[in-house]
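J.: Structure for this input, please:
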Amino acid sequence: MLGAYCMAYARWRTAEEAIAAMAERDSIMSGLIVKTQSGGAAANPLVWIAQNAARDMVRYGGEMGMTPAARTRIESGEAVSTGKFDGFWGGV
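T.: Below you'll find the predicted structure:
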């Protein structure tokens, strides 16, 4: 799971860096639109790649307890004291 997360992060970062480099040359559309072979305009495929990689990172991170919601589902196996007198009556 950690390896998959790292690969998704690398893919996301590469795509975002490429988009940022394109944005430096394109002040109007910030690299979000590219010119097609026929001369038309199309959505930059790097945006789709970055979005999918980010979605994968969120999913993998959730599986590994890296989100607040996922951390609430993690059990350590240890008893957690929630009150001042927990255990006072021998676990009753």
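J.: any idea how far G39 is from R11?
T.: Counting by C-beta to C-beta, to the nearest Å, the separation of R11 from G39 is 29 Å. (Each C-beta comes from the backbone N, C-alpha and C, glycine too.)
J.: Who has more neighbours out of those two?
T.: R11 (17 against 6; other C-beta atoms under 10 Å).
J.: Who are the contact partners of that one?
T.: Shown in contact with R11 (C-beta atoms under 8 Å, 6 or more residues apart in numbering): 49, 53.
J.: 6 Å - rerun?
T.: R11 makes contact with A53, according to C-beta atoms under 6 Å, 6 or more residues apart in numbering.
J.: so is it in a helix, a strand, or just coil?
T.: Following DSSP: H, G, I helix; E, B strand; the rest coil, R11 is assigned to helix.
J.: State the distance from it to E75.
T.: 32 Å.
J.: Show me how far the lowest-mean-pLDDT helix or strand in the chain is from its chain's centre.
T.: The weakest-scoring helix or strand in the chain, judged by mean pLDDT, DSSP states H and E, is helix 68-71 (a mean of 77). In this view, helix 68-71 has its centroid 14 Å away from the chain centroid, taken as C-alpha atoms, centre = their mean, to the nearest Å.
J.: what's next to it, contact-wise?
T.: By C-beta under 6 Å, 6+ apart, helix 68-71 touches 62, 65.
J.: Using CSV, write out every CA atom in it.
T.: Provided in CSV are the C-alpha atoms of helix 68-71 (Å, rounded to 0.1, in the frame of the first residue of the first chain):
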residue,chain,number,x,y,z
PRO,A,68,-8.8,12.1,10.3
ALA,A,69,-11.8,9.9,9.4
ALA,A,70,-9.5,6.8,8.9
ARG,A,71,-7.8,7.4,12.2
